[in-house]
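Peer 1: This is a predicted model, with the sequence first.
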Amino acid sequence: MKWDFEDKVAVVTGAGKGIGAATARGIAEGGGRVAVLDVDADAGRAVADELGDAGRFIELDVTDRDGIPAAFDAVAARFGGIDILVNNAGVVTRHTIANMPPENWDRTMSINLTAVFDCTRTALPHLKARGGGAIVNVCSVSGYRFSLIGGVDYTSAKWAVRGFTRQSAYELAQYGIRVNALCPGPTLTPLVEGSMSPEEIARAAGNFPLGEWVDPKDVANGALFLASPASRMCTGIDLVVDGGFLLVGAQSIEEYMDARGDAAG
């Protein structure tokens with residue numbers, strides 16, 4: 001499905017793989033131009049090359065507060081401005097509270113939450129200069145309950161991103177800037193494939209009402225809707241794309257603890 005992004009410029013963080021890459025492709029297919037930001041230079045450059053003149057790769061670690069303004073300024077200089085920001089970059093770790101190294105908590109919060117604030121704050125002058133725009137914060141259904149693939153660090157960050165989305169949507173509406181959260185359910189991304197065994201992945205699919213994992217393209221369609229004029233009256237909302245996961249999806253505490261190398265009880 002194509003969405004209208006004619007004459008629009010988008011910045012997508014974590015765009016080298018999975019949901020970010022699918023979103024970048026969709027924006028370009030809709031006539032937009034896309035800055036592919038990723039810490040993985042090979043993956044990010046491959047996506048940007050695939051987009052041709054509509055894409056540009058910028059290597060960026062979203063925890064680098066000094067690097068973010070330079071990256072956004074480079075996008076604006078190359079394409080003439082910025083209309084859309086998709087905060088997609090994220091990480092996941094699998095630890096219980098008891099065995100989580102504090103540095104893992106700090107890193108997850110830095111990438112999954114603080115970077116959303118930093119990128120949003122940096123994008124504001126550019127979006128205002130264009131008379132408004134759209135921000136999509138890729139959250140998670142973990143922001144409604146708890147995480148099956150991650151731990152308390154991941155869940156806490158995603159709950160916080162939902163709150164950040166609501167507050168920023170209220171503040172920024174006066175500038176014509178819409179801010180929405182996209183909440184994927186269990187999505188078969190490289191992040192998941194790197195944190196779960198093939199057996200765990202196959203077993204989990206049986207717990208989902210629609211019987212399969214969400215595809216990154218399904219989530220990207222949600223991001224494209226929220227970033228496009230089709231959602232012009234939507235701000236401060238959560239769009240859930242989860243294959244029905246929130247209806248019943250769960251796992252036993254024994255499975256949860258075992259996957260994290262800890263004993264239940």
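Peer 2: Structure's in. What do you need? Residues are numbered from 1 along each chain as shown.
Peer 1: low-scoring stretches of this structure, by residue?
Peer 2: 1, 249-252, 263-265 (pLDDT under 70).
Peer 1: Go through the protein and flag its longest strand.
Peer 2: Among the segments of the chain that qualify as a strand by DSSP state E, the longest is strand 177-184.
Peer 1: and after that one, which helix or strand comes next?
Peer 2: The first helix or strand that comes after strand 177-184 along the chain, using DSSP states H and E, is helix 190-193.
Peer 1: Give me the residues contacting that next one.
Peer 2: Counting by C-beta atoms under 8 Å, 6 or more residues apart in numbering, helix 190-193 makes contact with 17-18, 90-92, 149, 186, 201, 213, all of which sit outside it. Bear in mind the C-beta positions are built from the backbone N, C-alpha and C, glycine included.
Peer 1: at 7 Å what do you get?
Peer 2: 17-18, 92, 149 (C-beta atoms under 7 Å, 6 or more residues apart in numbering).
Peer 1: for the stretch 101-250 of the chain, what spans make up the helices?
Peer 2: Taking DSSP state H, counting those that start in this stretch as the criterion, the stretch 101-250 of the chain contains helices spanning 102-109, 115-129, 152-172, 190-193, 198-205, 216-227, 245-248.
Peer 1: Pick the most deeply packed of those.
Peer 2: The densest packing among the helices of the stretch 101-250 of the chain, expressed as mean neighbour count by mean count of other C-beta atoms under 10 Å, is seen in helix 216-227 with a mean of 24.
Peer 1: so it versus strand 177-184, what angle?
Peer 2: In this structure, helix 216-227 runs at an angle of 160 degrees to strand 177-184, with axes from the mean of the first three to the mean of the last three C-alpha atoms, to 10 degrees as the basis.
Peer 1: Could the C-alpha coordinates of helix 216-227 be exported in PDB?
Peer 2: Output of helix 216-227 as PDB, limited to C-alpha atoms (Å, rounded to 0.1, in the frame of the first residue of the first chain):
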ATOM      1  CA  PRO A 216       7.900  -5.500  10.000                       C
ATOM      2  CA  LYS A 217       5.900  -4.400   6.900                       C
ATOM      3  CA  ASP A 218       2.700  -4.600   8.900                       C
ATOM      4  CA  VAL A 219       4.100  -2.300  11.600                       C
ATOM      5  CA  ALA A 220       5.600   0.000   8.900                       C
ATOM      6  CA  ASN A 221       2.100   0.500   7.400                       C
ATOM      7  CA  GLY A 222       1.100   1.800  10.800                       C
ATOM      8  CA  ALA A 223       4.000   4.200  10.900                       C
ATOM      9  CA  LEU A 224       3.300   5.400   7.400                       C
ATOM     10  CA  PHE A 225      -0.300   6.000   8.300                       C
ATOM     11  CA  LEU A 226       0.600   8.100  11.300                       C
ATOM     12  CA  ALA A 227       3.300  10.000   9.400                       C
END
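Peer 1: which strands and helices sit next to that helix?
Peer 2: The contact analysis (3 or more C-beta pairs under 7 Å, 6 or more residues apart in numbering; DSSP states H and E) places helix 216-227 against helix 18-29, strand 84-87, strand 133-138, strand 177-184, strand 238-241.
Peer 1: quick one on the thing from earlier: compare the contacts of helix 190-193 and tell me which has the most neighbours.
Peer 2: residue 18 (25 neighbours; other C-beta atoms under 10 Å).
Peer 1: can you tell me how far the closest residue to that residue other than its chain neighbours sits from residue 68?
Peer 2: Of all residues beyond its chain neighbours, the one nearest residue 18 is residue 189 (3.5 Å), with distances taken as C-beta to C-beta, 6 or more residues apart in numbering. Distance from residue 189 to residue 68, counting by C-beta to C-beta, to the nearest Å: 23 Å.
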